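1. Prediction below, plus the sequence it came from.
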Amino acid sequence: MSVTDTQYDPEELITLWWHTPSNEGYGPPLLFTGDPGEAKSGFMKYIARLFAVPFLYIDPLAKGEGYSGAVPVIDEVFEESYQPMLGGQTKQKILRFPPTEAIYEMTLAGYGLVGVDELRNCPVIWQQALQALFEAREFGDQKLPVGVRLIACSNSAKVATGGRKLSGPLANRFTHVPWHGFDPKQTLAYLQKNKGKFPQAQKADWRQVKYTQAEIEKITDEHWDAYFGQASIDVFGGFLVAKPQMKHVEPKPNSPEMDGPWPTTRAWTTVARWIATYRILNDHTSCKISKDTLRTVVAGTIGDDAAESFWKYIKSRNLPNPEDFILGRTNTVLDPSVPDVAYTIFASAGHFVTTVKDPNYQKELADKLYSKCASAITDVGTEIALVGAVPLNDNFLARGSRGHTEWQKAFMKVAR
């Protein structure tokens, strides 16, 4: 099924997005693309009201490039130096790229939402400035706090007024989501709730549930190392080991595909972030996210073909639970003909042991995993066995134990 055909709940998707860490901040850059008049711009403003945060709305057609943070301003600063002929003080002219007042307020508050409308109508110089915004999280000279989220919306390049395709580097920084709008029942509920009046800021819905925004971020932080580590293993240690040709699939220049999602290391890393947050929210909070929503953002990050291949791979592996594997509670047979599966099993097991909180139980698991790694040298090779043993050794776990000694002997035997 194409991402354009996938149905998802908009608020569910926004909940997942809001709490997913990205590069240097929350919320991977998100781009909604849909037909004119279907409330894309209004939805961005609704998100700001929903989470009760400061909002900066940028429309390239309504506000010139001076509103992009890319226009320099000449300023003068005093340079303290020993200059007797000039009275000991000189002026130096410098260029500054000042942020807007709204960005300054967000910086002071530590949170906010920046929404860019009509993205594909941006002049080229705007796209260059927005690349710095969505990649480096910089607006002019101002670095955005981690609590500021970034979102954009656009009509397709075919129907946008003066529209143009996004540059490849800019397009690849987004998770692309098709905007279907709201169905009539959702629209009716919204209109009746607001009585057709100007929508005033209301107490956000997420404050009514068991977990507040701050509490969810705390939960995410607490479990992030474990869940992101496992998601990274699934993506980079399993799928891309099995299908290395999918690591980077760049569309042909000027092709329609360049304007949308396609696989790169950056995109795959974002996929791991989406998966980790999805699992944390479903496992540890009352915010339940459907598989359709996860599939939407994954396909919107790497494209339909790569996403379909990835999901088929994940479904076909039938991997054991890491703890059950270590304790011998499964009948897992390591097959040297499918090294990516064995690689993922040992990488997951090693990662799992490093995240166990109880030091005594952690030592017990490490001891047993060392033994399994020793046996795996014969079964599937040293390279895969090392994947399980190295995390234990790097964290100084169970050194000197029976399993560790067994591993050392087996490893030294093949290393000679």
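-> Done, it's in.

2. Quick one: neighbours of A366, just the number.
-> 27 (other CB atoms under 10 Å). Backbone N, C-alpha and C define where each C-beta goes, glycine included.

3. no no, I58
-> What I58 shows, counting by other CB under 10 Å, is a neighbour count of 23.

4. quick check, P178 in a helix?
-> No. Membership of P178 in a helix is not supported by DSSP: H, G, I helix; E, B strand; the rest coil, which gives strand.

5. My guess is it contacts T33. True?
-> Yes. P178 is within contact range of T33, at 6.2 Å (criterion: CB atoms under 8 Å).

6. More neighbours: these two, which one.
-> T33 (23 against 19).

7. Now do stretch 274-293, average pLDDT.
-> For stretch 274-293, mean pLDDT is 94.

8. How about stretch 335-353?
-> Stretch 335-353 comes out at a mean pLDDT of 93.

9. where's the residue nearest in space to the middle of the chain relative to P28, distance?
-> Centroid-nearest residue in the chain, with CA atoms, centre = their mean: T270, separated by 3.7 Å. Distance, T270 to P28, using CB to CB, to the nearest Å: 5 Å.

10. list residues touching both of these two?
-> Residues touching both T270 and P28 (CB atoms under 8 Å, 6 or more residues apart in numbering) are 22, 175, 301.

11. Point out where this protein drops to low pLDDT.
-> 1-6, 61-72, 78-91, 157-163, 190, 193-211, 416 (pLDDT under 70).

12. If you count residues, where's the longest helix of it?
-> Longest helix in the chain, counting residues (DSSP state H): helix 359-380.

13. buried stuff in that one?
-> By neighbour count with 16 or more other CB atoms under 10 Å, helix 359-380 contains the buried residues 362-374, 376-377, 380.

14. that older thread, highest neighbour count among the shared contacts of T270 and P28?
-> Highest count within the shared contacts of T270 and P28 by other CB under 10 Å belongs to T301, 29 neighbours.

15. what about D324, distance to E250?
-> In terms of CB to CB, D324 sits 40 Å off from E250.

16. Between the shared contacts of T270 and P28, which sits nearest D75?
-> S22 (31.8 Å; CB to CB).

17. T332: neighbouring residues, count only.
-> 16.

18. can I assume it sits in a strand?
-> No. Secondary structure assignment (three-state DSSP) places T332 in coil, not in a strand.

19. give the contact list for the spatially closest residue to it that is not a sequence neighbour.
-> Spatial nearest neighbour of T332, excluding adjacent residues (CB to CB, 6 or more residues apart in numbering): P320 at 4.8 Å. When contacts are counted by CB under 8 Å, 6+ apart, P320 touches 330, 332, 345.

20. For the stretch 1-150 of the chain, which segments count as helices?
-> All helices of the stretch 1-150 of the chain, identified by DSSP state H, counting those that start in this stretch, fall at 10-18, 40-50, 101-109, 124-136.

21. Kindly apply the preceding question to the stretch 201-350 of the chain instead.
-> Using DSSP H, counting those that start in this stretch, helices in the stretch 201-350 of the chain cover 213-232, 240-242, 265-284, 291-302, 304-317, 322-326, 339-355.

22. Export those helices to JSON lines and append columns for distance to I384.
-> As requested, the helices of the stretch 201-350 of the chain are exported to JSON lines (distance: least, CB to CB, whole Å):
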{"stretch": "helix 213-232", "distance to I384": "17"}
{"stretch": "helix 240-242", "distance to I384": "10"}
{"stretch": "helix 265-284", "distance to I384": "21"}
{"stretch": "helix 291-302", "distance to I384": "26"}
{"stretch": "helix 304-317", "distance to I384": "15"}
{"stretch": "helix 322-326", "distance to I384": "13"}
{"stretch": "helix 339-355", "distance to I384": "5"}
